[in-house]
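*Asks:* Okay, here's the prediction I keep looking at, along with the sequence it came from:
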Amino acid sequence: MNQHARPVKIVMIEDDEGHARLIEKNIRRAGVNNEILPFANGTEALAYLLGPDGSGEVSSGRQLLVLLDLNLPDMTGIDILERLKSNPHTRRAPVVVLTTTDDAREIQRCYDLGANVYITKPVNYEGFAHAIRQLGLFFAVMQVPEAD
Amino acid sequence: MPISKLAVIRSTIAAFLIGLAALGAIVATTFWLVSETGTYTRLSMAIRLQRAALVDLRILLQDTETGQRGFLLTGEETYLAPYDEARRRLAAQIELVRTRLAGVPEDTAAVARVVEIISGKLTEMQQTIELVQAGRRDEALAIVRTDRGRVLMEEARRLFESMVANAEQRIADSVARQQATIKWLYWVTLLGALVIVAVVAGATWMAVVYTRQLVAAQREVEALAAGLEERVRERTADLGRANEEIQRFAYIVTHDLRAPLVNIMGFTSELEASLASIRAWFDKAGVPADDPIAEDARLAAVEDAPEALGFIRSSTRKMDGLINAILKLSREGRRTLRPERIDLGALFEAAADSIRHQVVEAGGEIEIAPGLPTVVSDRLALEQVFGNLLDNAVKYRSPERPIRIRVGARSEPGQRLVVEVEDNGRGIAAHDHDRVFDLFRRSGTQDQPGEGIGLAHVRAMVRNLGGDITLASQLGRGTTMKVDLPRDLRKSLRSAGVNAREPARETSQNRDDRG
């Protein structure tokens, strides 16, 4: 990640605290030390990403990477994806959908809406840990653009 | 009041018969009258001839008397001409009267008497004429003065009058009888016409009422049929919705069960990792000999905790397997079917190829009946269904004999096809015939790996294709699986009204149920 400019923040929207913890642990194990901001519901996450007024201007100048679960208590991750990708300030932020759903239509829909990566959480832990660590390695090399 | 069909037929026939009878009566009466009229006419004619004959006879008799009187008065032969003329014709006329009045018994006596009188009178007149011709005029007048001729003549006149009156009376009677007949005809015709009109009116009324009833009944039937179709559609849609709801439910539940399972498995692994470092520390530092607490801690780290974690792990793995099975079932139910023309023979050959080496190794054989039909169905589902059945046949073969698998098909009414997969394997006990199709249920000796998912999955797929699966089996003898399928999936999909299904969307509403 672009370590020299402003540090990239990882916004993790995940309602299951256990999952959040496991994801964080495994990303750290991959050597990613960026700040991880966890949100347990969609409303708070959107408030952070788009600001209280919903304009998205708060994200201007931020470098964000969004880890998104689709199953949230107050809205679906697809709603959040749609809002982020249709907002001029956040639309370039990479969004990684990380969820248990492996329905083909759901996956298509997320990519149609502009998701950058879609990962199904493997149920067995070895697979899960491996996938997250791979993702962490991926984060380490990817360029994240600065929001307008 | 509703009229039954039988009543209509009965009353129509009755009306027809009554009308026919009335018409028949009219016609019969008319014929009778015509013949009667002929009879009366002939009778009147005869009576008139009788009367004429009588009158002529009287005139002839009077003519003879007139001629005799003139001759007696004048003595001239010229006056005798009418007498001679009449006398000459009398005999024939008498014969005529006799003949004509032969059929009138009441006048027979009078006729006989008249003939006697004429005879007597003629004798008297001839006597007087002959006396005058002989110049004995006084004697002749004396005979006349005896009044015998006059008396005879008056009697004859009375008899004639009586007979003519009789004849006239008979004519009057005949006319009266004819009148009576005509009156009869009049009434019979009138009554018959009334009956016919009444019958026709009744039949018409009945026909109208019955037709109205029929029309009303037909409308009712149409309305009911339309309502029934509508209800069937509603019910089918309800069933489709209920089915979709169950599948969505299964899908969501399994998904939601997975999330905590990820945590359990994840943190179990984390715990194991932590335990490993504790164990490493114990290995390195060792346990002080006089410290029972440290020894307990070592045992916990080395034995108890790994054992507990092992159970947690195996249980979660099992649970994961079950959840995956349910997920697979619900996903199969939600899959959009793609009907296409499939040659069952080719499909079975391909399925048999994948198990053939196993069968041949065991010295067995697979026999696929030639000429298996083609069906329009979902290829993937059929491949899975029949592949699974063939796998089971191999998997649960009997160790006592070489395996034999036979595949056949037969048509059933209603555009259906029954495919049979028969084996000589170990069979399924009768009490398990239904159970084997249930999820996570298995039958017989549990010597083969498996979770009891295969046949449940097969049944879900077959039902999704609009079919059903049953089995016939004898323990220790073999099993026949019977898959009943529609020949054309498109038709059964259309009638069920569920062609393409929307995937179950995980919306925020069904997320709310989560704890």
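*Replies:* It's in.

*Asks:* Residue in chain A with the shortest distance to chain B?
*Replies:* Chain B sits closest to residue A:18 of chain A, with a gap of 3.3 Å, by C-beta to the nearest C-beta. No exception for glycine: its C-beta is placed from N, CA and C like everyone else's.

*Asks:* Next, count neighbours for that residue.
*Replies:* By the criterion of other C-beta atoms under 10 Å in any protein chain shown, residue A:18 has 15 neighbours.

*Asks:* who in chain A is up against chain B?
*Replies:* By C-beta under 8 Å from any C-beta of the partner chain, the part of chain A that sits against chain B consists of A:16, A:18-19, A:22, A:25, A:70-76, A:79, A:100-101, A:103, A:105-106, A:121, A:123-126, A:128-129.

*Asks:* Quick check: which element contains the closest residue to chain A within the stretch 51-200 of chain B?
*Replies:* Residue of the stretch 51-200 of chain B nearest chain A, by C-beta to the nearest C-beta: residue B:200 (75.5 Å). Using DSSP states H and E, the element containing residue B:200 is helix B:148-285.

*Asks:* Please work out how many residues are found near residue B:287.
*Replies:* By the criterion of other C-beta under 10 Å, residue B:287 has 15 neighbours.

*Asks:* ok, now residue A:103?
*Replies:* By other C-beta under 10 Å, neighbour count at residue A:103 equals 19.

*Asks:* swap in residue B:268?
*Replies:* Applying other C-beta under 10 Å, we find 17 residues neighbouring residue B:268.

*Asks:* for the most centrally placed residue in chain A, helix, strand, or coil?
*Replies:* Centroid-nearest residue in chain A, with C-alpha atoms, centre = their mean: residue A:67, separated by 1.6 Å. The three-state assignment at residue A:67 reads strand, by DSSP: H, G, I helix; E, B strand; the rest coil.

*Asks:* For chain A, what's its nearest residue on chain B.
*Replies:* At 3.3 Å from chain A, residue B:263 is the closest residue in chain B, using C-beta to the nearest C-beta.

*Asks:* any idea how far that residue is from residue B:349?
*Replies:* In this structure, residue B:263 and residue B:349 are 48 Å apart, going by C-beta to C-beta, to the nearest Å.

*Asks:* for the residue lying closest to the residue nearest to the centre of chain A once chain neighbours are set aside, helix, strand, or coil?
*Replies:* In this structure, residue A:67 finds its nearest non-sequential neighbour in residue A:12, 4.5 Å apart by C-beta to C-beta, 6 or more residues apart in numbering or on different chains. The three-state label given to residue A:12 by three-state DSSP is strand.

*Asks:* Hmm, residue A:12 is touching residue A:38, no?
*Replies:* Yes: at 4.8 Å, residue A:12 and residue A:38 qualify as touching, with contact defined as C-beta atoms under 8 Å.

*Asks:* SS state for the residue of chain B positioned farthest from its centre?
*Replies:* Of all residues in chain B, residue B:135 has its C-alpha farthest from the mean position, at 115.8 Å, by C-alpha atoms, centre = their mean. Following three-state DSSP, residue B:135 is assigned to coil.

*Asks:* that older thread, in this structure the residue of chain B closest to chain A contacts residue A:22, no?
*Replies:* Yes: at 7.2 Å, residue B:263 counts as touching residue A:22 under the criterion of C-beta under 8 Å.
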